[in-house]
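**Q** following is a predicted model, sequence given first.
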Amino acid sequence: MSATKPEPLRLPRAFYARPALAVARELLGARLVRLDGGLRLSGFITEAEAYSGEDDLGCHCRAGRTPRTQVMYGPPGHAYVYFTYGMHWCLNCVVEAEGFPAAVLIRAIEVEEGLEQVAQRRRGVPPAHWTDGPAKLTRALAIERAFNGADLCASSAELFIEAAYILPDRVVAVGPRVGLNNVPEPWKSIPWRFRALPGWRDAATIQASLG
């Protein structure tokens with residue numbers, strides 16, 4: 001039997017102040033929320049990737065602290081939004097301890113709220129492909145440069161993540177991160193990508209507390 005709709009509970013800073021792999025895995029089933037003119041646009045996170053430290057050659061911080069990566073060295077629980085391929089925005093959550101660069105890339109969501117608004121932004125795209133990629137979901141939820149550095153834990157936040165479902169391991173696939181074609185091993189193939197399998201909600205349970 002499927003779990004019923006959970007009550008919203010925003011993820012606190014302590015959730016993000018943990019190892020990147022733990023955060024990436026536990027973000028599956030959480031609800032990403034974007035407040036847009038008073039409207040809630042949201043979706044359940046179904047795919048996430050971990051990036052951790054300057055030694056991680058797949059991470060933007062492999063070259064150290066730069067204006068682009070500065071936010072990754074800041075406090076956990078902030079958004080790291082970057083531009084890629086000259087046309088796409090990607091959303092990450094800064095994680096681990098302040099001063100240590102790490103983030104989790106949100107790669108896909110399943111839209112729950114704001115279907116009409118998302119349909120307009122993704123006009124001509126089949127609903128199954130509205131938000132099944134990192135650039136697709138930012139376009140659907142109108143997440144751009146202005147959110148870089150935004151505090152996901154602030155009470156006034158217009159972008160945040162809520163606790164929702166807990167996914168058992170049997171509905172989670174683990175594998176290499178995507179698009180690291182020129183990155184040397186072991187970083188190219190390290191299994192730091194987590195993906196919810198089809199039908200995940202039938203096996204998920206409601207996250208009742210964060211304690």
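**A** Sure thing, it's come through.
**Q** grab the longest strand from this structure for me.
**A** strand 39-52 (DSSP state E).
**Q** quick one: buried residues of the helix or strand hosting residue 104?
**A** Per DSSP states H and E: residue 104 is located in strand 102-113. Buried residues in strand 102-113, counted by 16 or more other CB atoms under 10 Å: 102-112. Where C-beta positions appear, they are placed from N, C-alpha and C, glycine not excepted.
**Q** below-threshold pLDDT in the protein: ranges please.
**A** 1-8, 85-86, 208-211 (pLDDT under 70).
**Q** and the buried residues of strand 102-113, which is closest to residue 146?
**A** residue 106 (17.0 Å; CB to CB).
**Q** show me what contacts the closest one?
**A** By CB atoms under 8 Å, 6 or more residues apart in numbering, the contact set of residue 106 is 27, 32, 45, 47-48, 91-93, 134, 137.
**Q** one more: residue 166?
**A** 29, 204-207.
**Q** of those residues, buried ones?
**A** Looks like these have 29, 204, 207 buried, using 16+ other CB under 10 Å.
**Q** and the nearest residue to the first one once chain neighbours are set aside, how far from residue 141?
**A** Going back to what we said before, that points to residue 29. Leaving aside its sequence neighbours, residue 29 sits nearest to residue 165 (CB to CB, 6 or more residues apart in numbering; 3.4 Å). Between residue 165 and residue 141 the distance is 19 Å, computed by CB to CB, to the nearest Å.
**Q** now residue 94
**A** Relative to residue 141, and taking CB to CB, residue 94 is found at 18 Å.
**Q** re earlier: between residue 165 and residue 141, which one's more packed in?
**A** Higher neighbour count among residue 165 and residue 141: residue 141, with 25 against 21, using other CB atoms under 10 Å.
**Q** may I have the phi/psi pair for that one?
**A** phi -100, psi 10 (degrees, to the nearest 10).
**Q** is it in contact with residue 34, as I believe?
**A** Yes. Using CB atoms under 8 Å, residue 141 is in contact with residue 34, at 4.2 Å.
**Q** circling back: with the buried residues of strand 102-113 in mind, which one is nearest to residue 180?
**A** Nearest member of those to residue 180, counting by CB to CB, is residue 105, at 11.5 Å.
**Q** with adjacent residues omitted, what lies nearest to that closest one?
**A** residue 49 (4.5 Å).
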